[in-house]
Structures are given as C-alpha cells and as structure tokens.
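Chemist: please work out how this folds:
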Amino acid sequence: MANGGNEGLEGRGYSKRDSATIHDYSKRECARVRILLTGVNGQVGSALKPLLRSLGTVQAPPREELDLVDARAVAAWVRQYRPHLIVNAAAYTAVDRAEQEQAAAFALNAQLPELLGSLQREWGGAVIHYSTDYVFDGTHEGAYTEKDITAPLGVYGRSKRAGEEGLMSSGVPALIFRTSWVYGLHGRNFLRTMLRLGQERTEIQVVNDQWGAPTWAGSIAQGTMAVCATLCSSAQAENSLVDGLTGKEGIYHLTNGGATTWYDFTRRIFELRPECRALVLPIPSSDYPSPVRRPVNSRLDNTKLKEVFGVRLPLWSEALEDCLAELPDVQEVLTS
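Modeler: Numbering: from 1, shown residues only. The predicted model follows:
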C-alpha cells in the first residue's frame, strides 16, 4: 500500500509520542463552568459530550428539544441557561445536497454560529466552533495555514466560511477549529460507508487524486479538551477557562497528522479490517460525478495550534487504528 504521505513525518514533529499530548487534560484543574454542547448526536458532538463533563455541567439538548435553526428558541434557551462556554458541534455537512438546500446550509453553518456569538457576548461567555478545510479551493501547493486566503468551491464551503466570519464579527471570545475529512463510528461518514461497502461489494472505486488528513472525531474531541486544559492553566486568579482565552481567540487548524488520498485511506481501513474483502480500485475525480468540485489539496498546517496551545494530534494512520479498535465487529456498522 502507498504510504499515504506519512514517510518522514517523525522528522517534522509527528510521532507516536504526540498521542500522549492530548491525554493530559484530565490532570488540569479548572473552575467548574456551565457548558452548552450543540450537535450532540453528530460525530464530533457524541465524542465531546463525555469528555466535557470533566470541565463542568454540560447541557446537550438533542434536536427534538432545541431546534437550532429557530433563532428565538435558541436565544430563549441560551439566555435562561447562561452558559460560560458554548461548544458548537452542530453543522450541515451534506456537501452535494447543499447545492439545492442553500438556505438550510446557511441557517445551521452561518446564522447559528453568529447568533451564538452575539448571545454569549451579552454576559461575557465564549464559543468553540468547528469549521472545515472546504473553505479553501485546493489550488495551494502546500498545506494551508490560517493566514491563507479562503475560496470555497461550493455552497457548503461558503456557508462554513460565512459562519467563521459571523462568529468573529460578533465580538465574542471564540476559538474556531478547522478540521478535515472527519470520520467516526457514529453518524454518516466515509469510514462507515467503506466498512459497509467492503462487505457488500466485490469491487469499489475510490478517488485517488484528492489529498487531505482523515481526522477521527475522537481526536478532535481530545484535542479540544487539551486546548481547554491549556486555557485553564493560563487563566488568572479564578482559573477560569473563559478568562484563559484572552489573547488566544481566532482560527486554528485541528487535524490528524500526515496526509493521504481517499483511495489509500480506504486501503488502510481494509487492511485493518480483513472482513472487508472488496477490491479497491483508484480513479480520478473526473470519473466520480458530483454536483460540486472538492478541493484537490485539503491539507491543513497545524503549526499554530502547536505553538499556541502545545497540542498536536496523532498521525491519521494511528488515529484510524485507535478508532477501529473501538469497533469489535464491523457488523455493528451494518446494523446501526
């Protein structure tokens, strides 16, 4: 199998030791805070919920209890609970369908984060928000930094970029984590689809000319917690997580290390789960018709995250092993 871009990464700061960096948050003490978690049933939200409890009281209303596109309902709920921190893991992620559902995509990806920022500013709260590599057009030769110019290719990317801008313009202390190629054992994502197709089909064609970092939702949650631990440590007298955010607000790239293609990612999945016996064939993006183009290069540079917070996530290949280790039987994916 192709190495997926991992060769030599140890020399650039990535190693198995980095996985320990994101597990130290439980050792840090922080003033107990009230937290609102949105998107609790999604990939990132479901991974975050059990970890956030170590920081304080977590309210995580599902969609049935709080309609996040109902601005009045959201405002009433937030003003009553008055969270110190909102962790916004809710998102509209159907990239292709967004072309026909622009209003729905912008309601959740753009209008919601701006609203949450405005509400939190009323009493000095903070927001953690998640964005995407799809704010870039993929024409950059190297990994994108936070300073690179954004140029989304479709409605989904434009809605996420609008969410970044709206949240930042609200004036609230906020961290925006851009991530990429998110997968996990919950929700609809590439990993679950490949695990299913690997058993149902004899042959699969997978795109081999798009590069990025597959990022496990569990790594995103652990990385978020490690950042929160750093904020607690840097806070002043009351050791408040929100106080510690002062001077560190802004956009950060948060992905697993290394890079690969969807094809090599699939091959590695099947190597780790031999019950997936389908033959994997590489194809160019031009052979995979789609309503919207994907960036050819989705690689994100995580240097800023390391420099400011001392946090670096494990290699994508190591994170994939950790993720699949939590799945005893692939049949669970087919039946859930």
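Chemist: okay, CA-based contacts and neighbour counts for the rest of this
Modeler: Will do.
Chemist: residue ranges of the strands in the stretch 51-200 of the chain, please?
Modeler: Taking DSSP state E, counting those that start in this stretch as the criterion, the stretch 51-200 of the chain carries its strands at 56-59, 85-88, 126-132, 174-179, 182-183.
Chemist: out of these, which is closest to residue 154?
Modeler: Distance to residue 154, taken as Cα to Cα, is lowest for strand 126-132 among those, at 12.5 Å.
Chemist: what's next to that closest one, contact-wise?
Modeler: Applying Cα atoms under 8 Å, 6 or more residues apart in numbering, the external contacts of strand 126-132 come out as 84-89, 113, 116-117, 120, 157, 160-161, 164, 172-180, 242.
Chemist: let's see 6 Å
Modeler: 85-88, 173-180 (Cα atoms under 6 Å, 6 or more residues apart in numbering).
Chemist: take these and lay them out in a markdown table including pLDDT and distance to residue 199.
Modeler: Below are the contacts of strand 126-132 laid out as a markdown table (pLDDT from 0 to 100; distance: Cα to Cα, whole Å):
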| residue | pLDDT | distance to residue 199 |
| --- | --- | --- |
| 85 | 94 | 42 |
| 86 | 96 | 40 |
| 87 | 97 | 36 |
| 88 | 98 | 35 |
| 173 | 95 | 46 |
| 174 | 97 | 43 |
| 175 | 98 | 40 |
| 176 | 99 | 37 |
| 177 | 99 | 34 |
| 178 | 99 | 32 |
| 179 | 98 | 29 |
| 180 | 98 | 26 |
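Chemist: for the residues you listed, which one is nearest residue 94?
Modeler: residue 180 (14.1 Å).
Chemist: assess the claim that that closest one and residue 136 are in contact.
Modeler: No: checked against Cα atoms under 6 Å, the pair residue 180 and residue 136 is beyond contact range at 11.2 Å.
Chemist: the more surrounded of those two?
Modeler: residue 136 (25 against 21; other Cα atoms under 10 Å).
Chemist: contacting residues for the more buried one?
Modeler: By Cα under 6 Å, 6+ apart, the contact list for residue 136 reads 150-152.
Chemist: ok, of these, which one's closest to residue 311?
Modeler: For those, the nearest to residue 311 is residue 150 (24.1 Å; Cα to Cα).
Chemist: grab the nearest non-local neighbour of that closest one.
Modeler: residue 136 (4.8 Å; Cα to Cα, 6 or more residues apart in numbering).
Chemist: same check on residue 48?
Modeler: Closest to residue 48 by Cα to Cα, 6+ apart is residue 221, at 5.0 Å.
Chemist: try residue 217
Modeler: Counting by Cα to Cα, 6+ apart, residue 217 lies nearest to residue 44, which is 5.0 Å off, once chain neighbours are set aside.
Chemist: shouldn't the one you found be within a helix?
Modeler: Yes: the assignment for residue 44 is a helix, going by DSSP: H, G, I helix; E, B strand; the rest coil.
Chemist: what's around it, how many residues?
Modeler: 26.
Chemist: same deal with residue 92?
Modeler: Residue 92, neighbours per other Cα under 10 Å, totals 18.
Chemist: likewise for residue 301?
Modeler: Residue 301, neighbours per other Cα under 10 Å, totals 18.
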